[in-house]
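> give the three-dimensional model of this entry:
(2 chains)
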Amino acid sequence: MNSFPIIRVVTKLMIPYILLFGLYVQFHGDFGPGGGFQAGVILASAFILYGLVFGLPAVKAVAPTKVIEKLIALGVLIYAGTGLATTLIGRADGGHGNDHFDHAHADHTHSDVVEMAQANFLDYEALNHDVLHGFLPHGQHLGIFLIELGVGITVTAVMIMIFYCFAGRSERFGQGKGAADAGLQSTAKEATA
Amino acid sequence: MLVSVSILTLLAVTAIAIARIGDLWAAVMFTGIFSFLGASWMLILDAPDVAFTEAAVGAGISTVLMLGTLALTGKKEKPTKSSPIVPLFVVGVTGAALIYGTLDMPHFGDRHSPVQTRIDPGFVEKSQPDMHGLPNVVTGLLGSYRGYDTLGETAVIFTAGIAVILILRREPKEKETERSTGKKGKSL
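Reported below is the predicted structural model:
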């Protein structure tokens, strides 16, 4: 497939926009539709498109297998780590982590807030802070941002890795040919055999 | 209404085409089309998140993975020799039972259905203040209220990825040894 100039050029034009859209879905997921899972799949599809057109060695130069397999675990660790962090921070604060937060949200009843400010796993109330208020995400927003990041990293890495595994088994693919080429040739061989 | 009917009709036609067609390339392409139609249908049902996922996973990645599988297997479906009467009977009975089951269900969009009446409306109202002003209720629900669930889902994806690596990955070293011992033809 990499011998067709139109496919090569159009792919190169499209990949930046696919990546940008993936990042938009990832980091805008708390406001619009989307989130880590969808963003991860979109980001992975950009890599897979590159691999389809330019061959497995080309995409492995961009995203080496060793990095991808570590990212699979990293995403889950970010998610679980966020949960552990809320537990530890919440405990260190003694359950008063967001007392200073009440004034900003008068519609939040006080009893609710105190009840939620226990040291619980994945309880993002513990992540409240006053640094650059209004610019940096905090509390629930920060927690959701972090876990969506974790989901996004894991999904991207798993999807790319599955593609590597499938494509890596096709003999022709490893020699810089596109998957469709490899498929056509191998099936053509079978037909003649 | 017209759009809904045409999409559902196309879904049914595509499903029959997938089942009937013998050319596996075409069948894979039809599954991609089926997923894309499914995504359009989800969009009509006001579920853009699901539509997103269906379009990206169903129409995009799984089609590519199926093509990757086809590159390793054959292009044509093996002709079946057994008679189709028994499977047709089983499918027919199951389908009839399922349709009979839907007769008791509330009509589409019925506002007296349990889905509409049992959910506490305060839940949607409370979500935004609870999440410090995040407007997306779905994200608040998945990320915060049900954070454990989503952690579990992420772990499932992680496990699936590891399983695929364990089953399918072929190390370069392994390849070399296979070549040197001449076992390559057999393993393929």
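
> what about the longest helix in chain A?
The residue-count maximum for a helix in chain A (DSSP state H) belongs to helix A:139-169.

> that one close to chain B?
Yes: under the criterion of C-beta under 8 Å from any C-beta of the partner chain, helix A:139-169 makes contact with chain B via A:139-141, A:143-144, A:147-148, A:150-151, A:154-155, A:157-159, A:161-169. Quick note: C-beta positions are derived from backbone N, CA and C, even for glycine.

> all helices for the chain, in order.
Looking at chain A here, since you left the chain open. A:5-27, A:36-54, A:56-62, A:65-92, A:110-116, A:139-169, A:179-192.

> you answered for a different chain; I wanted chain B.
B:2-20, B:24-44, B:48-53, B:62-72, B:85-102, B:114-118, B:121-130, B:137-140, B:147-168, B:172-181, B:184-187.

> dump those into JSON lines; add distance to residue A:43 as well.
What follows is the helices of chain B, written out as JSON lines (distance: least, C-beta to C-beta, whole Å):
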{"stretch": "helix B:2-20", "distance to residue A:43": "28"}
{"stretch": "helix B:24-44", "distance to residue A:43": "18"}
{"stretch": "helix B:48-53", "distance to residue A:43": "13"}
{"stretch": "helix B:62-72", "distance to residue A:43": "14"}
{"stretch": "helix B:85-102", "distance to residue A:43": "37"}
{"stretch": "helix B:114-118", "distance to residue A:43": "33"}
{"stretch": "helix B:121-130", "distance to residue A:43": "27"}
{"stretch": "helix B:137-140", "distance to residue A:43": "18"}
{"stretch": "helix B:147-168", "distance to residue A:43": "14"}
{"stretch": "helix B:172-181", "distance to residue A:43": "26"}
{"stretch": "helix B:184-187", "distance to residue A:43": "33"}
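
> can you tell me how far the residue nearest to residue B:52 when sequence neighbours are not counted sits from residue A:62?
With sequence-adjacent residues excluded and distances taken as C-beta to C-beta, 6 or more residues apart in numbering or on different chains, residue B:52 is closest to residue A:38, at 4.3 Å. If you measure residue A:38 against residue A:62 using C-beta to C-beta, to the nearest Å, the figure is 22 Å.

> of the two, which one has the most company?
residue A:38 (27 against 12; other C-beta atoms under 10 Å in any protein chain shown).

> would you confirm that that one contacts residue A:25?
Yes: contact criterion C-beta atoms under 8 Å: residue A:38 and residue A:25 qualify, at 5.3 Å.

> which neighbours do those two share?
Shared contacts of residue A:38 and residue A:25 (C-beta atoms under 8 Å, 6 or more residues apart in numbering or on different chains): residue B:52.

> rewinding a little: and the longest helix of chain A, what does it pack onto?
Helices and strands touching helix A:139-169, by 3 or more C-beta pairs under 8 Å, 6 or more residues apart in numbering or on different chains; DSSP states H and E, are helix A:5-27, helix A:36-54, helix A:56-62, helix A:65-92, helix B:62-72, helix B:137-140, helix B:147-168.

> report the angle between that helix and helix B:147-168.
10 degrees (axes from the mean of the first three to the mean of the last three C-alpha atoms, to 10 degrees).
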